[in-house]
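Kindly return the folded structure for what I paste below:
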Amino acid sequence: MGKTDSARKGTPRVHGIAARAGGWSARHRWAAVGIWVLFVVLAMGLGTAAGRVDVKDSEAMSGEVSRAIQITEDAGLKNSVDETVLIQAEDASVKATAPEVRAAVDSVIEAVEATGEVTGVTSPYDSKSISDDGRTALVQFEISGDRETATERIEPVLTAVEKVQGEHGGLVIEEIGDASMNKTFDDAFGEDFKRAELSAVPVALGILLIAFGALVAALLPVALAMTAIVATMGLMALVSHVQPMSETADSVMLLVGLAVGVDYCLFYLRREREERAAGRDARTALMIAAATSGRAVIVSGVTVCVAMAGMLFTGIAEFEAMGLASLMVVAVAMVGSVTVLPALLSLLGERVDKGRLPFIDRIKRSRGKGSGSGGGESRVWRAVLSSVLRRPWTSLVLAAGALVAIALPALGMNTQNLTLDQEFGDSLPIVQTYDRLNEAFPGGADPARVVVKADDISAAPVREALAEFRRQAVASGASKGPVDMVTHDAENIAIISVPLVGGSDQEKAEKSLDLLRDRVRPDTLLKAEGVEAPITGQVAGSKDFNDQIVGSVVPVFAFVIVFAFVLMLLCFRSLTIAVTSILLNLLSVGAAYGILTAVFQHGWGASLVGAEGVGAIISWLPLFLFVILFGLSMDYHVFVVSRIREARMQGRTTRDAIAHGVVSTAGVVTSAAVIMVAVFAIFGTLSMQSMKQMGVGLAAAVLIDATIIRGVLLPAVMALLDERNWYMPRWLRWLPDLTHDESGLTDAAPAAAPAVRGDDEPDRVTV
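Sure thing, here's the model as predicted:
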């Protein structure tokens, strides 16, 4: 069909993948909906049938921790899951040798053995596990069976210990160890996320109801996001046979899927409603939305996918799982937005406004936001923008200066894996047990474990090296003892447990670990021929994880920034737009880092979010935040800049195009940002400090991004650059042109164009 025929029928020319996909879906709407439903059902069905593989401890990361697990696995040994029962009289004058304490010790041993879930139970009177002050005794044992399922099987043991506690008044009898702490963590994590998940969808739906003023229109974004999440869950199970997944990856996927799924649908739906409000027929409005917002969704989605792919360069299995899961849910939501969404809008037609809430329209009109159906322009943002465009230099200096000041605390950011007391404070009983154990046996709650592998573990030189290591571990000041050892002669392996001086103080404990690794081990164990001795444990795992994360920062940052820059360059054909996009996003991320450091490390305003005394940022969060925020920030940036470029291509001056692009997208960007901030803020209310930090960081960054960055800095910078915004040097013009021709939209005439257009009326595509 030629241009004249197309114009006569009121249908715009279609350019690009998004426009063609939207056009096909609108013409074959039942087929498009059917294909999407079939895809979701098949993905979930195949994933369920295939089952899922989760990350194993030995695959979690490279380094000594992983090597220690691998040695024991290769030897056919079960990596021990150690548990300890602390027995202590409430009266400080009563010693561990008192009759009532001995009776309690016997009861504990009898009770835990009766569960059938433990092995290697040792009495403190045999193992000499009595504190220096003589007050505290430890019954130690291992959970039998598979390490991976120990957390699921610890409940009967915990119940047995609780029963003994009830029978011995005046004594403190509490259990702590790998499985019990993991169960506490998993229970708190599960309850927190269940609460967050139950809150997130209603919150998003409520905000969408306010944004659209109609029930059907509000349900569409949530429905798209949820179907994308369901399909991705199935795909994750399939992919897990190549790249193992994890529960954390599930949670991140849910968070990202809800955010981008709602955003993409929101962008598309608001543009379609705006075009209908401008007087276009439903088909033309849908085609224009497909060619503009649909393309913005694809550009944004690809950019977010690239950002998420940055996690694959960390070399940490947990991060690789999170990155791949996030990438998949973004891709699925993006495809759904440009295929099934146009089909649903075509099927619904005017019925998309069913279930209207009249009072919402009245509120919007009173605030100058236009009709509920059209989306209109915001008088508030128009007033802000007028001030910015009148004084762009002043706006730039003030806004950029404020963000730089907010970011400054990040220069002293301290990252580490949070200890149990940092993670939960005093909210859980096991934290008090952890503190009591560390007080009685410094480092006993998180001992270092040395896995010694030799050609012949019983050879005299090896035996001498083992004895010397145990002696020097205490003599060097790395440990106060007791340094315990279990030997597996048949496998030629010995496992040494070394309580580290420093206990729950991560910095001091890491210094003790360094002593063992860098001085004691080379002077003893490694002098024996054929000996390998990786050191593992909670402190070692935290340090190695933190070091690996720090080492990943440069390659991940470089990958994300370079690829985002190239995508912006290709999609907007402007070197200036590409450079400013990167700089503005980096400023947004820096401000988020500054807020995190100020609140959680320095404690400024920590009481407002329940974060007193944490003193550090969880080690995985800065890299995670960078990737997530860089991706999500592009949602708004691509959408706003696309609208500005569209207006510029239709003949407006750059300054007029900026005003139109920012103000006309303010409603949808604000709605999307409010949803994200509300959902992320829910995570900021959870009990775990790591989740609280993630929620506060994400919420603060999105809020800054949608207001100061997009509403002040972006228009100020673009106004100062003026025509240089569209600069593309000759030596780069050979690059592929991935822009779409906005001028092609002018072939579609509105069905009923208003005779006069005021400043506050929605813009319309001209003939």
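
Which residue lies nearest the spatial centre of the protein?
For the chain, Val252 is the residue whose C-alpha lies nearest the centre (C-alpha atoms, centre = their mean; 4.8 Å).

That residue contacts Ala325, doesn't it?
Yes. Applying C-beta atoms under 8 Å, one finds Val252 in contact with Ala325, separated by 6.4 Å. Every C-beta, even on glycine, is put in place using the N, C-alpha and C of the backbone.

about what we covered before: so what's the closest residue to the residue nearest to the centre of the chain other than its chain neighbours up against?
Nearest non-adjacent residue to Val252, counting by C-beta to C-beta, 6 or more residues apart in numbering: Met322, 4.7 Å away. Met322 sits next to Ser246, Thr248, Ala249, Val252, Met253, Met311, Phe624 when contact means C-beta atoms under 8 Å, 6 or more residues apart in numbering.

Most neighbours among those residues, please name it.
Met311 (29 neighbours; other C-beta atoms under 10 Å).

wait, that one sits on Ala317?
No. In this structure, Met311 is not within contact of Ala317 by C-beta under 8 Å, at 10.7 Å.

Is the residue nearest to the centre of the chain within a helix or a strand, and which one?
For Val252, the enclosing helix or strand under DSSP states H and E is helix 247-277.

after that helix comes which helix or strand?
Following helix 247-277 in sequence, per DSSP H and E, is helix 282-291.

Any stretches of the stretch 101-250 of the chain with poor pLDDT?
189-194, 197 (pLDDT under 70).

which stretches of it form helices?
Along the stretch 101-250 of the chain, counting by DSSP state H, counting those that start in this stretch, helices occupy 124-127, 150-153, 155-167, 178-212, 215-239, 247-277.

nearest to Lys354, of these?
Nearest to Lys354 among these is helix 215-239 (4.5 Å), distances taken as C-beta to C-beta.

Just the buried positions in that closest one, please.
Residues of helix 215-239 classed as buried: 216-237, 239 (neighbour count, 16 or more other C-beta atoms under 10 Å).

for stretch 639-659, same thing?
So, applying 16+ other C-beta under 10 Å, buried residues of stretch 639-659: 639-650, 652, 654, 657-659.

State the mean pLDDT of it.
The average of the pLDDT scores along stretch 639-659 is 86.

Can you give the distance of that stretch from its chain's centre?
34 Å (C-alpha atoms, centre = their mean, to the nearest Å).

Between the two ends of it, what distance do you get?
14 Å (C-alpha to C-alpha, to the nearest Å).

swap in stretch 239-247?
15 Å.

cool, stretch 440-453 as well?
31 Å.

which residues of the stretch 651-767 of the chain fall in strands?
For the stretch 651-767 of the chain, applying DSSP state E, counting those that start in this stretch gives no strands.

Which stretches in it count as helices?
So, for the stretch 651-767 of the chain - with DSSP H, counting those that start in this stretch - the helices run 654-683, 689-704, 714-721.

now do the stretch 351-500 of the chain
Using DSSP H, counting those that start in this stretch, helices in the stretch 351-500 of the chain cover 358-366, 379-390, 392-407, 420-424, 429-440, 460-475.

wait, which of the ones you listed is closest to Thr48?
Nearest to Thr48, of those and by C-beta to C-beta, is helix 420-424 at 32.9 Å.

quick one: contacts of the closest one?
181, 184-185, 188, 430-431, 434-435, 445, 504, 613-616, 687-690.

what's the answer for stretch 558-567, then?
Looking at what lies outside stretch 558-567 - C-beta under 8 Å, 6+ apart - the contacts are 299, 302-303, 306-307, 309-310, 313, 578-579, 581-582, 585-586, 626-627, 630, 634.

can we see that at 10 Å?
299-300, 302-313, 575, 578-579, 581-582, 585-586, 626-627, 630-631, 633-634, 637-638, 735, 738 (C-beta atoms under 10 Å, 6 or more residues apart in numbering).

Name the residues of that stretch that come out as buried.
Phe559, Val560, Ile561, Phe563, Ala564, Leu567.

And stretch 602-609, by the same measure?
Neighbour count says stretch 602-609 has Ala606, Val609 buried, by 16+ other C-beta under 10 Å.

can you map out the strands along the stretch 451-600 of the chain?
Under DSSP E, counting those that start in this stretch, the stretch 451-600 of the chain gives strands at 484-488, 493-498, 535-536.

which of the residues in the first one are buried?
If I follow you right, that is strand 484-488. The neighbour-count check on strand 484-488 (16+ other C-beta under 10 Å) flags Asp484, Thr487 as buried.

So what's the gap between that strand and the chain middle?
That offset, for strand 484-488, works out to 40 Å (C-alpha atoms, centre = their mean).

Which strands border it, and is each parallel or antiparallel?
Counting by DSSP bridges, the strands paired with strand 484-488 are strand 493-498 (antiparallel).

Show the average pLDDT along the partner strand.
For strand 493-498, the per-residue pLDDT averages 88.

Helix 460-475 and that strand, what's the angle between them?
10 degrees (axes from the mean of the first three to the mean of the last three C-alpha atoms, to 10 degrees).

follow-up on the earlier one: what's the closest of the contacts of Met322 to Leu344?
Closest to Leu344, out of all of those and judged by C-beta to C-beta, is Met253, at 23.4 Å.

Surely that closest one touches Gly261?
No. If you go by C-beta atoms under 10 Å, Met253 and Gly261 don't touch, sitting 11.1 Å apart.

quick one: common contacting residues for those two?
In contact with both Met253 and Gly261: Ala228, Ile229, Thr232, Val329, Val330, using C-beta under 10 Å, 6+ apart.

Could you tell me how far the third one is located from Leu596?
Counting by C-beta to C-beta, to the nearest Å, the gap between Thr232 and Leu596 amounts to 28 Å.

for this protein, what helix or strand is lowest in average pLDDT?
Least confident helix or strand of the chain, by mean pLDDT, DSSP states H and E, is helix 3-8 with a mean of 42.

then the following helix or strand past that one to CSV, C-alphas only?
Next helix or strand after helix 3-8 toward the C-terminus (DSSP H and E): helix 16-27. Extracted in CSV, the C-alpha atoms of helix 16-27 (Å, rounded to 0.1, in the frame of the first residue of the first chain):
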residue,chain,number,x,y,z
GLY,A,16,10.7,-0.5,12.9
ILE,A,17,10.2,-3.7,14.7
ALA,A,18,7.9,-2.3,17.4
ALA,A,19,5.5,-0.7,14.9
ARG,A,20,5.4,-3.8,12.8
ALA,A,21,4.8,-6.0,15.8
GLY,A,22,2.1,-3.8,17.1
GLY,A,23,0.4,-3.6,13.7
TRP,A,24,0.4,-7.3,13.2
SER,A,25,-0.9,-7.9,16.8
ALA,A,26,-3.7,-5.4,16.3
ARG,A,27,-4.7,-7.1,13.0
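
Okay, helices next: where are they in the stretch 501-650 of the chain?
Under DSSP H, counting those that start in this stretch, the stretch 501-650 of the chain gives helices at 506-515, 521-523, 538-572, 575-596, 606-609, 621-649.

Return the most buried member of the ones you listed.
The highest average neighbour count among those, using mean count of other C-beta atoms under 10 Å, belongs to helix 621-649 at a mean of 25.
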